[in-house]
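Engineer: predicted structure and sequence below. I'll ask about it afterward.
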2 protein chains.
Amino acid sequence: MPDATDPAPMNMPSRRRFRREGEERRRQDLIEATLDSVAEHGLQGATLRTIALRAGVTAGLIRHYFPGKEELLQEAYAALMGRMTEQAKAALVMEDASPRQRLAAFVTANLNAPIIDARVFSLWATFIGRARADPTLAHAHREGYLGFRNEVEAVVAEVLAAERRNPDASQLRHHAIAINAIIDGLWIEGCLAGEMFSTGELAAIGIKTVEAELGLAPDGEENQ
Amino acid sequence: MPDATDPAPMNMPSRRRFRREGEERRRQDLIEATLDSVAEHGLQGATLRTIALRAGVTAGLIRHYFPGKEELLQEAYAALMGRMTEQAKAALVMEDASPRQRLAAFVTANLNAPIIDARVFSLWATFIGRARADPTLAHAHREGYLGFRNEVEAVVAEVLAAERRNPDASQLRHHAIAINAIIDGLWIEGCLAGEMFSTGELAAIGIKTVEAELGLAPDGEENQ
DNA sequence: GAGCTTGTTGTGCAAGTGTATAAATAGCCT
DNA sequence: AGGCTATTTATACACTTGCACAACAAGCTC
């Protein structure tokens, strides 16, 4: 009579099968699995075993690619920020568009998917919450923030130049700070309560508010 | 024969001395210690033992006041949000002030200490990062956010009424969303990079941006 | 195909986690 | 002062965590 307690065939000692992936591919997968784990369970829930399970490997492998958990998390955060700013800046390099149109496109890009996304926001908040205690994170954020704000300031300068206005450096800086705040604030609202806004509504509000901040006359297509 | 393995003096059985504090006091202390721990070490570093140490008690006591760690964290978050919104709203109840002045005071209150504070921001980010996975946190945030936005919308209505403008509900809502975003965005900038702004600078930018959003004529004290 | 490199697995371990519970004592009531 | 009770301490426990390491096998080179 066969062994009823053992559901598996007799070849017990067989190890788990595996494939050798390229180094870059594995690192990428592990980073992605890390971001998924953090987004879903927070930093405390993102254990090496959880991450490994999600990446389809066993926990021990992580140590083969990263010195420790700390470094894995840092690389994951860097990857996240890189992706976000990259997508955001992409809207700025449009050819054949007036500065004002480029600014509007920038705002629109930042206030729609995939930038407006609950998962991304959750990750951002989780990591940024540790920035105060972790100088590495703080520095990474500072760089990203200043880069972003400088982009904004550059477009603003072009927009105002096209309007034949001549703001001084201080005014320019204030505009950049304010516009950055508008985008960030609406981004948060959209990520946290996305279903309260219809499609494109946040972008429309954003453009209107930014143009009001810059003192631009309302566009021809809408009045009041 | 005496126990030679015991390095301590003979009066061993002495326990740690303690005082019995009132229930409300102890709960308050534990919540504060929890917020401190979370702000300093993140959610993962906020262990029961760390919290207890900071509160000057032993870990076991926490279970006497809270069913579990989860509930302690939830109460801590509620306390944090309560304190923040309370301080913010306080600026709105000024007597003998025009709506426009009250709005300006509201913006100013939200863009200075103690609302602008790296520790508070760190806590906010840490908790809000878990909102997606924790319905309790999500609900608490939603309530706070809507309450805040409604306050803004009410003042905006008064301000515009005083200016003899007659916005419809949709315009009012958009103004509230935008102003909320401006405040939130500047709040983040101030918390994360406070030393980049001079005192009162953020509040000044905030007021100017908000008034531009509402289409208010610049105040008499400043031009351009 | 044989052999070698190294990516990958599996197991083990010490430290730390939240929770449970028994033992002690501070401080009120009489 | 003496006792009672609830607050507080202290210890135990089962479990998880990050990390270390030895065994293994995938897939290249010859």
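Structural biologist: Perfect, thanks for sending it. For clarity, every value in this text was computed on a predicted model and none was experimentally measured. Numbering: from 1, shown residues only, chains lettered A, B, ... in the order given.

Engineer: scan chain A for its longest helix.
Structural biologist: Secondary structure of chain A per DSSP state H: the longest helix is helix A:135-162.

Engineer: show me which residues of chain A sit near DNA strand C.
Structural biologist: Contact residues, chain A versus DNA strand C (CB under 7 Å from any atom of the strand): A:15-16, A:18-21, A:23, A:26, A:56-61, A:64. Backbone N, C-alpha and C define where each C-beta goes, glycine included.

Engineer: which of those residues sit farthest apart?
Structural biologist: Longest distance between any two of the residues of chain A next to DNA strand C is 22.0 Å, between A:R15 and A:E23; criterion CB to CB.

Engineer: so for the two, which residue has more residues nearby?
Structural biologist: More neighbours surround A:E23 than the other of A:R15 and A:E23, with 10 against 5 (other CB atoms under 10 Å in any protein chain shown).

Engineer: my guess is the more buried one meets A:Y65, correct?
Structural biologist: Yes: assessed by CB atoms under 8 Å, A:E23 is found in contact with A:Y65 at 7.4 Å.

Engineer: picking up where we left off before, give the other helices and strands that the next helix or strand after the longest helix of chain A contacts.
Structural biologist: Using DSSP states H and E, the helix or strand that follows helix A:135-162 towards the C-terminus is helix A:169-192. Here helix A:169-192 touches helix A:99-110, helix A:118-128, helix A:135-162, helix A:201-214, helix B:135-162, helix B:169-192, helix B:201-214, going by 3 or more CB pairs under 8 Å, 6 or more residues apart in numbering or on different chains; DSSP states H and E.

Engineer: of the residues of chain A next to DNA strand C, grab the buried ones for PyMOL.
Structural biologist: Isolation of the buried members of those (16 or more other CB atoms under 10 Å in any protein chain shown) is achieved in PyMOL through the command below:
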select buried, chain A and resi 26+57+61
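
Engineer: contacting DNA strand D as well, which ones from the residues of chain A next to DNA strand C?
Structural biologist: Of the residues in these, proximity to DNA strand D by CB under 7 Å from any atom of the strand holds for A:15, A:18-20, A:59-60.

Engineer: among these, which one lies nearest to DNA strand C?
Structural biologist: For those, the closest approach to DNA strand C (CB to the nearest atom of the strand) belongs to A:G60, at 2.6 Å.

Engineer: could I get the helices and strands packed on helix A:169-192 as a markdown table with mean neighbour count, mean pLDDT and distance to A:I31?
Structural biologist: Formatted as a markdown table, the helices and strands packed on helix A:169-192 follow (neighbours: other CB atoms under 10 Å in any protein chain shown; pLDDT from 0 to 100; distance: least, CB to CB, whole Å):
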| stretch | mean neighbour count | mean pLDDT | distance to A:I31 |
| --- | --- | --- | --- |
| helix A:99-110 | 20 | 94 | 24 |
| helix A:118-128 | 22 | 95 | 12 |
| helix A:135-162 | 16 | 89 | 15 |
| helix A:201-214 | 22 | 97 | 29 |
| helix B:135-162 | 16 | 90 | 26 |
| helix B:169-192 | 22 | 96 | 24 |
| helix B:201-214 | 22 | 97 | 35 |
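
Engineer: dump these to a markdown table, plus distance to A:D168.
Structural biologist: Output for those, formatted as a markdown table (distance: least, CB to CB, whole Å):
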| stretch | distance to A:D168 |
| --- | --- |
| helix A:99-110 | 18 |
| helix A:118-128 | 32 |
| helix A:135-162 | 11 |
| helix A:201-214 | 15 |
| helix B:135-162 | 29 |
| helix B:169-192 | 21 |
| helix B:201-214 | 15 |
